[in-house]
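Q: build me a model from this:
(one chain, ligands or ions: 2)
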Amino acid sequence: MGLLVDCYGSQDTVNRLDHRDPLVFDTHELGRRPGSMRKVSRTLEAPEGLGIIDVIAVPEKSPIELELRLESVVEGVLVTGTAETHVEGECVRCLEPVDFDVDVDFQELYYYPESDERHRARTAGTEDLDEDSEEETYRLEGDFFDLQPVLRDAVVLALPLQPVCQEDCLGLCSECGARLSDDPAHHHDAADPRWAALQGLSAAPGDEGDGIKTSDTREGLAENQEK
Ligand SMILES: [Zn+2]
Ligand SMILES: [Zn+2]
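A: Numbering: from 1, shown residues only. Ligands and ions are numbered 1, 2, ... in the order given. Okay, here's the model as predicted:
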């Protein structure tokens, strides 16, 4: 048993899912009767790395409240749900901590193990063959399904790629690193004695001073000459 695509719910695949995993659900009660429905509420601890790594994510083990609706349909079990949780990260502009509640919706059809091939055979040859075959399909393993990949995708989609502490965050001062939203009037005077001292240095013979400050230096010199 190697490839995932070979799993059609044979005995060896039934044991692949950890049934104690809180993100694994049992659909046994639906009894494979199309039209039967069941609601499940579950609060669980977040798995590791739920979110956008190093940007914003649900802290591991923090609570996630799940509300699921499991519906038996002809090809499998349609899972519709919401997850409420809390994410933490940092502002991409000023690096202040950012945290907020997220409420995500998702819906996914988990095919019965043996129905997948038939489904593919039916839809193959109609249109967008390639797209269809690349699209991820999920399958039940026995009566069980793993919500984890679906929840992961839903959470990632709900998160900002570039979180900010506030929409108009001004970021950090490029010269001293001060947080500008705390002090919108913040600026550096060319006449600031500390800069004047630096200007003196960079104006030294050969001018091998800090290249980045070149324009500031010129302005500073001009001002000095006017005086
Ligand atoms: Zn910020
Ligand atoms: Zn500054």
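
Q: for the rest of this, base every contact and every neighbour count on C-alpha atoms.
A: Fine.

Q: state the distance from the closest residue to residue 73 other than its chain neighbours to residue 77.
A: Nearest residue to residue 73, sequence neighbours excluded (CA to CA, 6 or more residues apart in numbering): residue 34, at 4.5 Å. Computed as CA to CA, to the nearest Å, the residue 34 to residue 77 distance reads 9 Å.

Q: verify the contact between residue 23 and residue 146 for me.
A: Yes. Counting by CA atoms under 8 Å, residue 23 does reach residue 146; the two are 5.9 Å apart.

Q: SS state for the residue of the chain at minimum distance from ligand 2?
A: Nearest to ligand 2, among the residues of the chain, is residue 176, at 4.0 Å (CA to the ion). Applying DSSP: H, G, I helix; E, B strand; the rest coil to residue 176 yields a three-state assignment of coil.

Q: neighbours of it, how many?
A: A count of nearby residues for residue 176, using other CA atoms under 10 Å, gives 9.

Q: ok, now residue 177?
A: For residue 177, the neighbour count with other CA under 10 Å is 10.

Q: and for residue 35?
A: Residue 35 - counted by other CA under 10 Å - has 11 other residues nearby.

Q: who are the neighbours in contact with it?
A: 71-73 (CA atoms under 8 Å, 6 or more residues apart in numbering).

Q: buried only: go through those for me.
A: Among these, those that count as buried by neighbour count (16 or more other CA atoms under 10 Å) are 71-73.

Q: and which of the residues you listed is nearest ligand 1?
A: residue 71 (43.2 Å).

Q: quick check: that closest one touching residue 107?
A: No. With contact defined as CA under 8 Å, residue 71 and residue 107 do not form a contacting pair (11.0 Å).

Q: what is in contact with these two at once?
A: 78-79.

Q: in this protein, which helix or strand is least confident?
A: One helix or strand of the chain scores below all others by mean pLDDT, DSSP states H and E: helix 214-226, with a mean of 44.

Q: name the element residue 110 belongs to?
A: Here residue 110, judged by DSSP states H and E, is contained in strand 97-111.
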